[in-house]
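Asker: Predicted coordinates and the sequence they were generated for:
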Amino acid sequence: EDQVTQSPEALRLQEGESSSLNCSYTVSGLRGLFWYRQDPGKGPEFLFTLYSAGEEKEKERLKATLTKKESFLHITAPKPEDSATYLCAVQAEGNYQLIWGAGTKLIIKP
Amino acid sequence: KAGVTQTPRYLIKTRGQQVTLSCSPISGHRSVSWYQQTPGQGLQFLFEYFSETQRNKGNFPGRFSGRQFSNSRSEMNVSTLELGDSALYLCASSLNRLSPYNEQFFGPGTRLTVL
């Protein structure tokens, strides 16, 4: 069964303290892995799509990487405005449906 | 360019009632997907509509249904509401069918509370 697991559930960091969020997945064949950011009271906002192992993408303080079993979202020198829930989702071969992880709630303290 | 809009934003219903939620996608987008988000289950896929046809369906009972109109606007209906249907219902649109090559844009959601 296709599955996505995110860890940790919650992460509290001081401003400027770099860290990584993990997304482990089990799918029969990966078409794509997505990272989204969700602020309270809003819908998810697209960040990245990764297609194959070894791929990396960057956007401001965020960098997403992908292996055959997991993806990491690295946050470098975070600011309070990076506080949000970060969601990971995968799309498997032969299935248009997205399978979502439960998310990691990130809190950056000034 | 206007984003995805959902109406209403908040809704309170009682058990046994039915509810209809509306979603207007970004202009030009032909695919609309619906999701249920709860603290316990996270985001769960309900269904995808493309060119007025349901193309993909998640693991939800038949009480959950939807439709898409010729202008790509979509509605979702839940009949015989249960307490467990309380959730944030999110709509997302994309240019074409769900794929890694078509970014999904989400609306702000409709918060449904069933009493």
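Answerer: On my side now, so go ahead. Numbering: from 1, shown residues only, chains lettered A, B, ... in the order given.

Asker: show me where pLDDT drops low in chain A?
Answerer: Regions of chain A meeting the criterion pLDDT under 70 are absent.

Asker: ok, which stretches of chain A are strands?
Answerer: A:3-7, A:10-14, A:19-26, A:30-38, A:45-50, A:56-59, A:62-66, A:70-75, A:84-92, A:98-100, A:104-109 (DSSP state E).

Asker: partners of the first one in the sheet?
Answerer: So that's strand A:3-7. strand A:19-26 (antiparallel) (DSSP bridges).

Asker: Of all the residues in chain B, which one is nearest chain A?
Answerer: Residue of chain B nearest chain A, by C-beta to the nearest C-beta: B:P100 (2.5 Å). Heads up, the C-betas are built off the backbone N, CA and C, glycines and all.

Asker: who are the neighbours in contact with that residue?
Answerer: Neighbour list for B:P100: A:31-32, A:34, A:49, A:51, A:91 [criterion: C-beta atoms under 8 Å, 6 or more residues apart in numbering or on different chains].

Asker: before we move on, the earlier item: now tabulate the strands of chain A in TSV and tack on mean neighbour count.
Answerer: Output for those, formatted as TSV (neighbours: other C-beta atoms under 10 Å in any protein chain shown):
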stretch	mean neighbour count
strand A:3-7	16
strand A:10-14	13
strand A:19-26	18
strand A:30-38	21
strand A:45-50	18
strand A:56-59	12
strand A:62-66	20
strand A:70-75	20
strand A:84-92	23
strand A:98-100	23
strand A:104-109	17
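
Asker: Is it possible to get JSON lines of those strands that adds distance to B:S79?
Answerer: Shown next, in JSON lines, are the strands of chain A (distance: least, C-beta to C-beta, whole Å):
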{"stretch": "strand A:3-7", "distance to B:S79": "30"}
{"stretch": "strand A:10-14", "distance to B:S79": "36"}
{"stretch": "strand A:19-26", "distance to B:S79": "34"}
{"stretch": "strand A:30-38", "distance to B:S79": "28"}
{"stretch": "strand A:45-50", "distance to B:S79": "32"}
{"stretch": "strand A:56-59", "distance to B:S79": "42"}
{"stretch": "strand A:62-66", "distance to B:S79": "40"}
{"stretch": "strand A:70-75", "distance to B:S79": "38"}
{"stretch": "strand A:84-92", "distance to B:S79": "28"}
{"stretch": "strand A:98-100", "distance to B:S79": "25"}
{"stretch": "strand A:104-109", "distance to B:S79": "33"}
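
Asker: And these: which comes nearest B:L95?
Answerer: strand A:45-50 (12.9 Å; C-beta to C-beta).

Asker: A:L30 reaches A:V90, doesn't it?
Answerer: Yes. Using C-beta atoms under 8 Å, A:L30 is in contact with A:V90, at 6.2 Å.

Asker: now do the same end-to-end measure for stretch B:92-112.
Answerer: 17 Å (C-alpha to C-alpha, to the nearest Å).

Asker: What residues of that stretch count as buried?
Answerer: B:92-95, B:97-100, B:102, B:104-112 (16 or more other C-beta atoms under 10 Å in any protein chain shown).

Asker: do you know how far A:G94 is from B:V32?
Answerer: For A:G94, the distance to B:V32 equals 22 Å [C-beta to C-beta, to the nearest Å].

Asker: cool, A:T5 as well?
Answerer: For A:T5, the distance to B:V32 (C-beta to C-beta) stands at 28 Å.

Asker: isn't there a strand covering B:N59?
Answerer: No. If the criterion is DSSP: H, G, I helix; E, B strand; the rest coil, then B:N59 is coil and not within a strand.
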